[in-house]
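# quick one, structure for this:
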Amino acid sequence: MKKKLFTGIALAASLFVSAADTDLTLQENWKLANIKKGCEAKFQKNEDGSLTLTTNSPVCYLTHRLQFNKEKMLRIEGTIESSDTYMAKLYFNDSSGRLIYTDQFHIVPETGTELAEATTGNETLLKVKDASKWKKGQSIAVGKGGELPNQHLYMARKGITAITPKEGYWEVSLKQPWGGKYPAGTALRQMFFNDGKLLINQYRLPVKTQTLSYTLQNEFTDKNEPNKWFQGAASAGLTIIMTGKSSEKSLKLTNLKIKEIEGNW
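Numbering: from 1, shown residues only. A predicted model of the protein is given here:
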């Protein structure tokens, strides 16, 4: 994995920042989760205005919820310091709160094909007419793309173990059962898989102080563009995931805030 940090692009002069900023150096603006039983996580407000979280849990999630507003963009700014490895991501949810993955809307070009043989749902080997453009790290969807979001997906995380050319067709080996009953000739295509937008990835020691400067536009994307909401999203979670092997770890947030920006990109 490579360290990744999205930086915002300068906004047009006609835009202005609302006074309704959200201060993420306040404990009440975070929700903690995934703390191991018997472990603790404690916030401390520092004299310089920063906020420190200390925990002895192997993993700790901090999440702040964001709501989509078609009239406003969101600007996330501030500094994050950590004693151990961590990442910061945006996860997107639909109106029912379900997590949205990119394979629900982001089609891999030139991967459209058909089943060469009917399926019952129990098989771990698919026979398809042409998988020459397929890759093991993507999801498989039924249909041609016009009926999104997908009603049936074999998600990439279930595992494609092999893609093998045969005489007149291709074999696609699956780690888990296919799960769908479809006749020969049913349209298939592959979908890009991702569970969110990675803003910071400090996965290697020593970790470095990171300055976050990221703008989330008030628009949707069907191609996982870095500054837009996932297709179908109603809300998002800005989540900092503390990891690492140290028995006690700390995270310091300085001048971290979310600004509402009126207008369009």
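
# need the outlier residue of the chain, farthest from its centre.
Relative to the centre of the chain, and counting by C-alpha atoms, centre = their mean, the farthest-placed residue is Glu167 at 38.6 Å.

# what confidence value was assigned to that one?
On pLDDT, Glu167 comes in at 97.

# and stretch 190-198, what's buried?
Gln190, Met191, Phe192, Phe193, Gly196, Lys197, Leu198 (16 or more other C-beta atoms under 10 Å). Yep, even glycine has a C-beta here, placed from its N, CA and C like the rest.

# err, stretch 201-213, not the other one
Asn201, Gln202, Val207, Gln210, Leu212.

# likewise stretch 246-263?
Quick answer for stretch 246-263 (16+ other C-beta under 10 Å): Lys249, Ser250, Leu251, Lys252, Leu253, Thr254, Leu256, Lys257, Ile258, Lys259, Glu260, Ile261.

# which of those residues fall within strands?
Among the buried residues of stretch 246-263, the residues falling in strands (DSSP state E) are Lys249, Ser250, Leu251, Lys252, Leu253, Thr254, Leu256, Lys257, Ile258, Lys259, Glu260, Ile261.

# could I get the residues you listed in TSV, plus columns for distance to Thr120 and pLDDT?
Listed next are these as TSV, based on distance: C-beta to C-beta, whole Å; pLDDT from 0 to 100:
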residue	distance to Thr120	pLDDT
Lys249	49	97
Ser250	53	98
Leu251	49	98
Lys252	55	99
Leu253	52	99
Thr254	57	99
Leu256	52	99
Lys257	54	98
Ile258	49	98
Lys259	53	97
Glu260	52	95
Ile261	52	94
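
# between the buried residues of stretch 190-198, which is nearest Ala41?
Gly196 (22.0 Å; C-beta to C-beta).

# ok, that closest one touching Lys89?
Yes: assessed by C-beta atoms under 8 Å, Gly196 is found in contact with Lys89 at 4.6 Å.

# now for those two: what residues contact both?
Shared contacts of Gly196 and Lys89 (C-beta atoms under 8 Å, 6 or more residues apart in numbering): Thr239.

# and for the closest residue to Lys175 other than its chain neighbours, the neighbour number?
Take Lys175 and drop its neighbours on the chain: the residue closest to it by C-beta to C-beta, 6 or more residues apart in numbering is Gly159, 3.0 Å away. A count of nearby residues for Gly159, using other C-beta atoms under 10 Å, gives 14.

# which residues touch Gly159?
Leu174, Lys175, Gln176.

# for the buried ones among the residues you listed, write the corresponding ChimeraX selection.
A single ChimeraX command suffices to select whichever of the contacts of Gly159 are buried according to 16+ other C-beta under 10 Å:
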select :174
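
# okay if I get the contacts of Gly159 as a markdown table plus distance to Gln27?
Shown next, in a markdown table, are the contacts of Gly159 (distance: C-beta to C-beta, whole Å):
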| residue | distance to Gln27 |
| --- | --- |
| Leu174 | 45 |
| Lys175 | 42 |
| Gln176 | 41 |
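
# for the contacts of Gly159, which one is nearest Gly185?
Distances from Gly185 to the contacts of Gly159, taken by C-beta to C-beta, are shortest for Leu174, at 19.8 Å.

# which phi and psi does the closest one have?
Per-residue torsions, Leu174: phi -110, psi 150 (degrees, to the nearest 10).

# so what's it closest to, chain neighbours aside?
That would be Thr124: by C-beta to C-beta, 6+ apart, it lies 4.5 Å from Leu174.

# that neighbour and Ser173 touch, don't they?
Yes: using C-beta under 8 Å, Thr124 is in contact with Ser173, at 6.6 Å.

# which helices and strands does whichever strand or helix holds Leu62 pack with?
Using DSSP states H and E, the element containing Leu62 is strand 60-67. Packing partners of strand 60-67 (3 or more C-beta pairs under 8 Å, 6 or more residues apart in numbering; DSSP states H and E): strand 31-33, strand 235-242, strand 249-262.
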